[in-house]
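K.L.:
Just need the structure, nothing else, for what follows:
(one chain, ligands or ions: 1)
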Amino acid sequence: MNDFSIAIHGGAGTILRADLTPELEAAYKKGLADALASGYDILQKGGTAVDAVAAAVLSLEDCILFNAGKGSVFTKTGGHEMDAAIMDGASLAAGAVAGVHSVKNPVLLAKTIMEKSEHVMLSGEGALQFAKQQQLQLESEDYFFSQFRYDQWQLVKNESGTSLDHNIQVDKKFGTVGAVACDAKGNLAAATSTGGMTNKNFNRIGDSPVIGAGTYANNQTCAVSCTGHGELFLRAVAAYDVSCLMEYKGLDLQQAMELVTLDKLVKINGEGGMIGVDAKGNTAMIFNSEGMYRAMQNSKGEKEIAIYR
Ligand code: ASP
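P.N.:
Numbers count the residues shown, from 1 in each chain. A predicted model of the protein is given here:
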């Protein structure tokens, strides 16, 4: 039996100790702990890496503190457009959804696209139609509303740019979510889910649902889920670059993730971070921003839940 492990993130950005009250910090840690437990529990019972990352991301989507599912950020027009992806490192099967609204758990839609459609990526109204056909749970706009996100959007809605949700000056607290896992059979999987960037316009799509950019898994190398300024992660093809550095240059997981996150992304002002796991169950959580909501647990008995640098 292989060592098994899971790592999760709840977004990276300007997350400073001084900005979080002890109560909020405890709430974030609980959100991370619950998600970690739901994924780890599956691995411990002999479940698959794909099921573990889906369960962990679903738990984070259901937590209003994070920018995915319930609690997603507002678009320029005051709506929610969510992106998600999942990839199975054993078969290289992948499913992704971009710019969908009303779907309670976009990660389940991505998983259903992977398992039940002949496609990798669906978007917008068509993705919603497929979700309905597959009888996935839908919710009204009210479900996705959070006062905090609304207030955040009010501050920037008249500006032309977008903001990383955690970098909006008056508040820097929420984030995109993701999970990577290695199961007892040595199979890898990655999943990412996000509401994207606050005030995004023109059906903007970030890196999270793009296979190779924000999400990637391959049993030969690693599984990676990214968070940060999506445009730069797209341009860096960040997640696949980690895999390539391992496959073609022989770097280990930690070295490859450090090179991409702390060097290549920094050179193009790509603020953010990523979590990764390899087929031996080693995990890494690397970021170039002030903080990243993150957690990991493995069958060797190691466990960590952290926010700041
Ligand atoms: N990467 C996400 C995006 O650009 C945002 C985030 O990670 O918070 O849509």
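
K.L.:
helices and strands around the host helix or strand of residue 274, which ones?
P.N.:
In this assignment (DSSP states H and E), residue 274 forms part of strand 272-278. Applying 3 or more C-beta pairs under 8 Å, 6 or more residues apart in numbering; DSSP states H and E, we find strand 272-278 packed against strand 5-13, strand 177-182, strand 222-228, helix 238-249, helix 253-258, strand 283-287, strand 291-298. All C-beta spots, glycine's among them, are computed from the backbone N, C-alpha and C.

K.L.:
List the contacts of residue 206.
P.N.:
83, 194, 196, 197, 200, 214, 230, 231, 233, 234 (C-beta atoms under 8 Å, 6 or more residues apart in numbering).

K.L.:
Format these as CSV; extra columns: pLDDT, distance to the ligand and neighbour count.
P.N.:
Below are those laid out as CSV (pLDDT from 0 to 100; distance: C-beta to the nearest ligand atom, whole Å; neighbours: other C-beta atoms under 10 Å):
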residue, pLDDT, distance to the ligand, neighbour count
83, 98, 6, 31
194, 97, 5, 31
196, 92, 4, 29
197, 89, 5, 23
200, 91, 8, 22
214, 98, 6, 32
230, 94, 2, 29
231, 95, 7, 17
233, 97, 6, 28
234, 98, 8, 19
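
K.L.:
how about the residues of this protein that lie near the ligand?
P.N.:
Residues of the chain lying near the ligand by C-beta under 6 Å from any ligand atom: 11, 67, 164-165, 175-176, 194, 196-197, 206-208, 214, 227-228, 230.

K.L.:
In helices, which of those fall?
P.N.:
Among the residues of the chain next to the ligand, the members falling in helices (DSSP state H) are residue 230.

K.L.:
re earlier: taking the contacts of residue 206 one by one, which sit in strands?
P.N.:
83, 194 (DSSP state E).

K.L.:
Reformat the contacts of residue 206 as CSV; add distance to residue 5.
P.N.:
CSV is the format used below for those (distance: C-beta to C-beta, whole Å):
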residue, distance to residue 5
83, 26
194, 23
196, 28
197, 30
200, 33
214, 21
230, 26
231, 30
233, 23
234, 28
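
K.L.:
Let's see stretch 68-78 as PDB, backbone CA atoms only.
P.N.:
What follows is stretch 68-78, C-alpha atoms only, in PDB (Å, rounded to 0.1, in the frame of the first residue of the first chain):
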ATOM      1  CA  ALA A  68     -16.200  29.200  -4.600                       C
ATOM      2  CA  GLY A  69     -19.800  28.000  -4.700                       C
ATOM      3  CA  LYS A  70     -21.600  29.700  -1.800                       C
ATOM      4  CA  GLY A  71     -19.800  33.000  -1.100                       C
ATOM      5  CA  SER A  72     -18.400  33.400  -4.700                       C
ATOM      6  CA  VAL A  73     -17.400  37.000  -5.600                       C
ATOM      7  CA  PHE A  74     -19.500  39.300  -7.700                       C
ATOM      8  CA  THR A  75     -19.000  40.000 -11.400                       C
ATOM      9  CA  LYS A  76     -19.200  43.500 -13.000                       C
ATOM     10  CA  THR A  77     -22.900  43.000 -13.600                       C
ATOM     11  CA  GLY A  78     -23.600  41.800 -10.000                       C
END
